[in-house]
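>>> Need a 3D model of the sequence below.
(one chain, ligands or ions: 4)
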Amino acid sequence: MTNLEKAADPEGQALWHTTACILCSINCGLQVRIDNGNFLKIKGDRNNPRSRGYTCEKPAGLRYYQANRDRLTSPLRRRADGTFEEIDWDTAIREVAERLGGIRDEHGGEKILYYGGGGQGNHLGGAYSAATRRVLGMRYASNALAQEKTGEFWVEGQMFGARPEPDFENAEVSVFIGKNPWHSHGFERARVTLRAIAKDPNRSLIVMDPRRTETAELADFFFQVRPGTDAFALGAMLGVLVQEGRIDQDFMARHTADAGPLLQLLSEVPVAEYCRRADVPEDRIRAAARRLGEAESVAVLEDLGIEMAPHSTLNSYLQKLLYVLTGNFGRPGTMNIGTHLGKLFGESKTDRRTPVGGHRIITGLIACNHLADEILGDHPDRFRAALIESGNPAHSLADSARMREALDALECVVVIDVAMTETARRADYILPGSSQYEKPEATFFGGGFPDHVFQMRHPLFEPAPGTLPEPEIHSRLVAALGGYLYEDLTDLRLAAESGLPAFGSAFSAALAERPEWGGIAPVLLYETLGRSLGDSLAPAALFWAAAQTCAARYPDSVRRAGFVGEGARLGDALFEAIITRREGVLITSDPYSVSFDRLETSEGRIRLLIPELLEEFSLLRDEEPAPASSDFPFILAAGERRGTTANTIFRDPGWRKKDSEGALRICPADAEELGIANGGRVRITTKRARAEAVAEITDTLRPGHVTLPNGLGLGYPDKDGQRTVHGVAPNELTVSEDRDWLAGTPWHKHVRARIEAL
Ligand SMILES: Nc1nc2c(c(=O)[nH]1)N[C@H]1C(S)=C(S)[C@@H](COP(=O)(O)OP(=O)(O)OC[C@H]3O[C@@H](n4cnc5c(=O)[nH]c(N)nc54)[C@H](O)[C@@H]3O)O[C@H]1N2
Ligand SMILES: Nc1nc2c(c(=O)[nH]1)N[C@H]1C(S)=C(S)[C@@H](COP(=O)(O)OP(=O)(O)OC[C@H]3O[C@@H](n4cnc5c(=O)[nH]c(N)nc54)[C@H](O)[C@@H]3O)O[C@H]1N2
Ligand code: SF4
Ligand SMILES: [Mo]
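Ligands and ions are numbered 1, 2, ... in the order given. Model (predicted):
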């Protein structure tokens, strides 16, 4: 910096760049300083309208993501002996198009599975992949949402036809079930809001979790439930609400459809007995239910603790009944339905089934736990190939050994990733993406209600040599597969140079003339409007279509956010703001009452009766939670979120300064009985496999319950290229048949295990 520059900018503001964190779905705004292709300093961005300066401890380590020894720097092709050779991009695109195109021609494009599409910070690759999938005639997809949230999506589809989100900032009572927001977040500024709730005598926090988590420590009502028995605890709470006459009759009469059979069932719940089965005190369950019934506002969030456990989908249903029966919807501090810029998932209502097993496909996604069965074997409709993008199924899905076998059985596996993952190592072709800070990126996770903020991140660094942004990869693949000819795009390119209105008209006219272009619209936008933004911003082109759809669907909400214009001009204004306001843009603003208008059930009311789940609920009466077996006396929660985990986004173990091996947590009584010392080594045995870990003795756990962190067990090369695995890969221990009957969600929080001292 020259003295003149220093005088003009004494704080050195010009040295800071605006971006966001990619480590969880909240995507907090960041201010960063960079040097030499990597991060130098990182702090929260006070100008980000959503996170307002907040961060947790994790983004401080982002340099381990941006540069590490596992980053890919060239397209790779598998040799016959299983090793990889570098190839140039032209060869890679040509051969991938030939191989996948060949499988399409021989077996049909529907035999090629798409897996992934984005992680915690990147959803653009998935959005552009729609074009590649279309030219290849691919029909089936799956990703990590189909091993956690699809059960909840299905219930929401049945009840609301939409996805309500919690307003904890304003809630009088906040409820977390199988969710530890202190570490895992799930809503913005989680720790600030949790502390504010805990400090305020007029507000309450209710937590249901077998472990006394950091969140539970702040709770007014903490239910240290027996693992896997939430359906009983929630059923008991609902029973109290109905039996003590604490439901909101007026709300129900106005906004819900027939409730009769449900209320009948709940009136018969043996509350004391269900509390005993869940091992929670009846008087506290009654007190918490009364608190829910009386509160001005209640917001509820569930997560993996009940999704990845027995009665997964039923749990999601019961959780929603807590707030609907008490009328906590469509007001401040309750549950509300916001807007979307882009859709994260497909329709929940269509009844599609998987080709081999005939399993339900929810929101367009095949349950991850069914994937291996849809590949292995000789069923004529089995998958023959896979395109895997920004996902690591060989590590993150149940039963890693079987997942590896399934990947190896495919005729062709193509992986698009930034790193040499466990999945990439089994690919036939690996296409290296530029990192999430080397290209425009964004996520379509919920943006908040009543104010929805969207942030597009601008590239901070040049793409690492040898890498390409995913939109470029998809565009090249689509062109190689004959989806479009560059020379056919000249008119659209020229129109883009004359401004958005001209481009909009030309683009609609082009689609009307060539309907087959509709399916590959993302890459056409990229090659035309995108190129007019400059090559480094080209991937942002898709936001123009997203902005148009958003403005057409929610014109009043977009106007309330301050945008003006009629028709397509409103969408253009939104697009301009998205690509220029780096700290994030308020894209829609709503009155709370709009939630009622956004119910998309056929009746326009909240539907309370879900026959499949009512039946499962009634069967609980005869279900005694399975006792511990002598072979496997423990319940292992395989995959706990900690301050030292961030899915598999950090592969470099150097990131983890504490808990570097990812300890097995166990309570003092169990440790003593087994002769396990704090920091000592233990063996974990499940019906699937064995693993070794260090033990951490903690009184936060119940006897019989142990936990292992998620995101560990990744291979990483040392300086000499020797690959070692750090910590336990949780899914070596799990099996895919332990899953929910309806949505196929794995029971990762409920793995029967034996623990021994070593
Ligand atoms: N630090 C960090 N944050 C993350 C992530 C990360 O890797 N690291 N990953 C992100 C992702 S992808 C997700 S999906 C979310 C997940 O976020 P969470 O679901 O909050 O994370 P978990 O720790 O897996 O599980 C939550 C809680 O479930 C409890 N639990 C286990 N068994 C049961 C049970 O039978 N009943 C009940 N009621 N609770 C039970 C556990 O004790 C744990 O406290 O986190 C996101 N945020
Ligand atoms: N046993 C057990 N298993 C679990 C869980 C558990 O609690 N227990 N949690 C589950 C949950 S909730 C989730 S969400 C999954 C997460 O597991 P995955 O869906 O496999 O996702 P991530 O670890 O988030 O990382 C996805 C991939 O994106 C890659 N990547 C990063 N940036 C880019 C980019 O810019 N472009 C491309 N193309 N790739 C990129 C990373 O290298 C990584 O391979 O794990 C699940 N697995
Ligand atoms: S809460 Fe999530 S997005 Fe925010 S800083 Fe932490 S990991 Fe990053
Ligand atoms: Mo997740």
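>>> Point me to the helix or strand that includes Lys43.
strand 38-44 (DSSP states H and E).
>>> Could you list the paired strands of that strand along with their orientation?
strand 29-35 (antiparallel) (DSSP bridges).
>>> how far does the strand it pairs with sit from the chain's center?
24 Å (CA atoms, centre = their mean, to the nearest Å).
>>> One more: stretch 59-72?
21 Å.
>>> Quick one: end-to-end length of it, please.
22 Å (CA to CA, to the nearest Å).
>>> do it and ligand 2 meet at all?
No: against ligand 2, stretch 59-72 shows no contacts by CB under 6 Å from any ligand atom, the least distance being 7.4 Å. (Each C-beta comes from the backbone N, C-alpha and C, glycine too.)
>>> so, in contact with ligand 3 or not, that stretch?
Yes: Stretch 59-72 lies within reach of ligand 3 by CB under 6 Å from any ligand atom, at Pro59.
>>> That stretch near ligand 1 at all?
No: applying CB under 6 Å from any ligand atom, one finds that stretch 59-72 is not in contact with ligand 1, the shortest distance being 11.1 Å.
>>> buried residues in that stretch?
Pro59, Gly61, Leu62, Arg63, Tyr64, Tyr65, Gln66, Asn68, Asp70, Arg71, Leu72 (16 or more other CB atoms under 10 Å).
>>> Around the residue of the stretch 51-200 of the chain found nearest ligand 3, count how many other residues there are.
In the stretch 51-200 of the chain, the residue that lies nearest ligand 3 is Cys56 (3.4 Å; CB to the nearest ligand atom). Residues lying near Cys56 (other CB atoms under 10 Å) number 21.
>>> I'd say it and His185 touch.
Yes: with contact defined as CB atoms under 8 Å, Cys56 reaches His185; the gap is 7.1 Å.
>>> ok, now how distant is the residue nearest the centre of the chain from ligand 2?
Centroid-nearest residue in the chain, with CA atoms, centre = their mean: Leu145, separated by 5.6 Å. Per CB to the nearest ligand atom, to the nearest Å, Leu145 is found 7 Å from ligand 2.
>>> quick revisit: let me see the contact set for the residue of the stretch 51-200 of the chain closest to ligand 3.
By CB atoms under 8 Å, 6 or more residues apart in numbering, Cys56 lies in contact with Cys28, His183, His185, Arg191, Gly643.
>>> Now pLDDT too, for those, in JSON lines please.
Putting these into JSON lines (pLDDT from 0 to 100) gives the following:
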{"residue": "Cys28", "pLDDT": "98"}
{"residue": "His183", "pLDDT": "98"}
{"residue": "His185", "pLDDT": "98"}
{"residue": "Arg191", "pLDDT": "98"}
{"residue": "Gly643", "pLDDT": "97"}
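>>> Let's test this: mean pLDDT of stretch 564-575, rounded?
Mean per-residue pLDDT for stretch 564-575: 98.
>>> the domain parsing of this protein - what is it?
By the assignment in automatic domain parsing, the chain contains the domains 7-66, 76-138+384-442+451-589, 150-339+605-619, 626-757.
>>> Serialize those domains to JSON lines and add fields for distance to Thr354.
Below are those laid out as JSON lines (distance: least, CB to CB, whole Å):
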{"stretch": "domain 7-66", "distance to Thr354": "27"}
{"stretch": "domain 76-138+384-442+451-589", "distance to Thr354": "10"}
{"stretch": "domain 150-339+605-619", "distance to Thr354": "13"}
{"stretch": "domain 626-757", "distance to Thr354": "9"}
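>>> Least reliable of these by average pLDDT, please.
Among the domains of the chain, domain 7-66 scores lowest, with a mean of 93.
>>> Who's the closest spatial neighbour of whichever residue of the chain sits closest to ligand 2, skipping the chain neighbours?
Closest approach of the chain to ligand 2 (CB to the nearest ligand atom) occurs at Gly639, with a separation of 2.2 Å. Nearest in space to Gly639, with sequence neighbours left out and distances taken as CB to CB, 6 or more residues apart in numbering, is Asn710 at 3.7 Å.
>>> Contact residues of this protein facing ligand 3?
So the chain meets ligand 3 at Cys21, Leu23, Cys24, Ile26, Asn27, Cys28, Thr55, Cys56, Lys58, Pro59, His185 (CB under 6 Å from any ligand atom).
>>> ok, for the first one, nearest residue in space, not its chain neighbours?
Think Cys21. Pro59 (4.3 Å).
>>> what ranges do the strands span in the stretch 601-750 of the chain?
Taking DSSP state E, counting those that start in this stretch to define them, one finds strands in the stretch 601-750 of the chain at 634-640, 664-666, 681-685, 690-697, 705-709, 714-717, 723-726.
>>> whoops, the stretch 251-400 of the chain was the one
298-302, 335-337, 352-353, 360-362, 365-366, 385-389.
>>> How about the residues of the stretch 501-650 of the chain by ligand 2?
Ala638, Gly639, Asn647, Thr648, Ile649.
>>> One more: the chain?
Checking the chain against ligand 2 by CB under 6 Å from any ligand atom, the hits are 119-120, 122, 125, 144, 147-148, 304, 389-392, 396, 416-419, 421, 433, 435-436, 470, 638-639, 647-649, 710, 730-731, 734, 748.
>>> Let's see that with 5 Å instead.
119, 122, 144, 148, 390-392, 396, 416-419, 421, 433, 436, 638-639, 647-648, 710, 730-731, 748 (CB under 5 Å from any ligand atom).
>>> From Ala743, how far out is the residue nearest to the centre of the chain?
11 Å (CB to CB, to the nearest Å).
>>> Ok, Glu217 next?
Glu217 is 31 Å from Ala743, by CB to CB.
>>> ok, now which ones touch the closest residue to Leu742 other than its chain neighbours?
Distance criterion CB to CB, 6+ apart; nearest residue to Leu742, sequence neighbours excluded, is Thr313 at 4.5 Å. The contact partners of Thr313, taken as CB under 8 Å, 6+ apart, are Gly151, Glu152, Trp154, Val155, Leu613, Asp740, Leu742, Ala743, Thr745.
>>> elements contacting the helix or strand harbouring the second one?
To tie it back to what came earlier, the one meant is Glu152. In the assignment (DSSP H and E), Glu152 maps to helix 150-159. Judged by 3 or more CB pairs under 8 Å, 6 or more residues apart in numbering; DSSP states H and E, helix 150-159 is in contact with helix 312-325, strand 360-362.
>>> Minimum distance to ligand 1: which of the ones you listed has it?
helix 312-325 (8.2 Å).
>>> Now look at that closest one and say if it contacts ligand 1.
No: against ligand 1, helix 312-325 shows no contacts by CB under 5 Å from any ligand atom, the least distance being 8.2 Å.
>>> Let me know the angle separating that helix from strand 298-302.
170 degrees (axes from the mean of the first three to the mean of the last three CA atoms, to 10 degrees).
>>> Now do helix 312-325 and helix 150-159, the angle between them.
Going by the same axes, to 10 degrees, helix 312-325 makes 40 degrees with helix 150-159.
>>> Measure how far helix 312-325 is from the centre of its chain, please.
Using CA atoms, centre = their mean, the offset of helix 312-325 from its chain centre is 20 Å.
>>> Right, I'll call it a day here.
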